[in-house]
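Colleague: sequence and predicted structure, then a few things I'm wondering about:
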Amino acid sequence: MVKFKPKIKAACKLVACIIFFAGFKQTGAVFQTSNGKVSFRSEAPMELIKASSTDLVGVIDNEKRTFGFVINVRSFDGFNSALQKQHFHENYMESDKYPTAKFTGKIIEDQDLTIDGVYEIRAKGKFIIHGVTQERIIKCKLTVSNHKIAIKSNFTVLLSDYNIPIPRVVYQKLANEIKVEVNAMLVETS
């Protein structure tokens with residue numbers, strides 16, 4: 001069974017892309033990624049928790065200035081212990097009930113992303129974590145070069161905004177404010 005894990009993972013990623021991005025009509029330049037990196041840090045007084053995933057899937061439609069990104073919550077790895085990872089999925093993120101985190105919306109600036117350059121943009125949209133939708137504006141640095149867009153963004157997520165409780169017993173080990181970093185390379189597909 002272990003031999004088939006990479007194939008199953010790749011097939012699931014492809015199906016997720018098709019379903020998630022079915023609503024995006026390709027009328028102009030469209031940029032996609034299937035291996036963006038998302039990292040997060042919880043810097044609490046008694047413990048630092050770090051994890052990351054390279055399974056971020058996303059698309060940007062240049063003409064419509066729309067975007068959509070999704071990540072499988074179970075793809076995060078790098079915790080301090082197997083037990084900590086288990087608690088992350090079962091007690092906090094409830095990954096079986098809420099398997100993905102999503103961010104969809106529009107780019108505020110009217111920037112043509114087919115022109116090479118470095119741009120500071122704001123992405124405004126619906127950020128969905130743990131089944132809770134919040135309207136967010138997230139600043140991003142885009143480097144456009146040779147039909148590719150490199151995205152870099154740093155922002156924070158408050159667990160309390162997404163109904164993720166911190167039990168009193170771990171209050172000193174888990175921060176309410178989580179620092180998130182996103183790095184992705186999107187390639188033009190049309």
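Modeller: Looks like it came in fine.

Colleague: low-confidence stretches in the chain?
Modeller: The model of the chain has pLDDT under 70 over residues 1-27, 190.

Colleague: the strands in it, which residues?
Modeller: 30-43, 48-61, 66-72, 100-107, 117-129, 132-145, 148-158, 177-188 (DSSP state E).

Colleague: quick one, which of the ones you listed is nearest to G78?
Modeller: G78 lies closest to strand 48-61 among the strands of the chain, at 4.5 Å (Cβ to Cβ). In this view, the C-beta of every residue, glycine as well, is placed from N, C-alpha and C.

Colleague: ok, now which ones touch the nearest residue to V157 once chain neighbours are set aside?
Modeller: Excluding the flanking residues, the one nearest V157 by Cβ to Cβ, 6 or more residues apart in numbering is I178, at 4.7 Å. I178 makes contact with 40-42, 156-159, according to Cβ atoms under 8 Å, 6 or more residues apart in numbering.

Colleague: one step back: take the strands of the chain and write them to JSON lines, including distance to I164.
Modeller: As requested, the strands of the chain are exported to JSON lines (distance: least, Cβ to Cβ, whole Å):
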{"stretch": "strand 30-43", "distance to I164": "11"}
{"stretch": "strand 48-61", "distance to I164": "13"}
{"stretch": "strand 66-72", "distance to I164": "16"}
{"stretch": "strand 100-107", "distance to I164": "12"}
{"stretch": "strand 117-129", "distance to I164": "8"}
{"stretch": "strand 132-145", "distance to I164": "9"}
{"stretch": "strand 148-158", "distance to I164": "9"}
{"stretch": "strand 177-188", "distance to I164": "9"}
